[in-house]
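Visitor: Sequence and predicted structure, then a few things I'm wondering about:
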Amino acid sequence: MFEVINLKVDTKDEAVCICGNPENLTLCSGCKGMLYCSKDCQVPDWKKFHRKECNLFKMQQEQFI
C-alpha cells in the first residue's frame, strides 16, 4: 500500500485556511506547505496536528527539489 502526496502548493486564489478563510494567508515558515490566515488558527493547529507533519513534509519537499 502507498500514499500519493501532492507537493504542489495551492495558489493563493485556490487556497483557504483550515478555518475556511481565503484572505491574508501566510505559509508555515517551516515546511511552506500549510496556509494560515492568522496566529489564532496556526497555534492550535500546530499543537494538535501540524507539528507532527511539518518536518516530514519539509523533508519530502527537499527530496523533489
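Guide: Everything's here; your move.

Visitor: all contacts plus neighbour counts: C-alpha atoms, from now on.
Guide: OK.

Visitor: which parts of stretch 33-45 are buried?
Guide: 33-37, 42 (16 or more other CA atoms under 10 Å).

Visitor: which residues of this structure fall in helices?
Guide: Using DSSP state H, the helices found in the chain span residues 39-45, 51-63.

Visitor: So which residue is smack in the middle of the chain?
Guide: The centroid of the chain falls nearest to Met34 when counting by CA atoms, centre = their mean (1.3 Å).

Visitor: Look at it and report its pLDDT.
Guide: For Met34, the pLDDT comes out at 88.

Visitor: picking that back up, Serialize the helices of the chain to a markdown table and add fields for distance to Asn24.
Guide: Formatted as a markdown table, those follow (distance: least, CA to CA, whole Å):
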| stretch | distance to Asn24 |
| --- | --- |
| helix 39-45 | 11 |
| helix 51-63 | 21 |
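
Visitor: Number of residues surrounding the residue lying closest to Val16 once chain neighbours are set aside?
Guide: Spatial nearest neighbour of Val16, excluding adjacent residues (CA to CA, 6 or more residues apart in numbering): Pro22 at 4.2 Å. Using other CA atoms under 10 Å, Pro22 is surrounded by 16 other residues.

Visitor: Could I get the pLDDT score of Pro22?
Guide: The model's pLDDT for Pro22 equals 91.

Visitor: ditto for Leu7
Guide: In this model, Leu7 carries a pLDDT of 57.

Visitor: Check the spacing between the nearest residue to Glu23 once chain neighbours are set aside and Pro44 real quick.
Guide: Distance criterion CA to CA, 6+ apart; nearest residue to Glu23, sequence neighbours excluded, is Cys37 at 6.4 Å. To Pro44, Cys37 is 13 Å away according to CA to CA, to the nearest Å.
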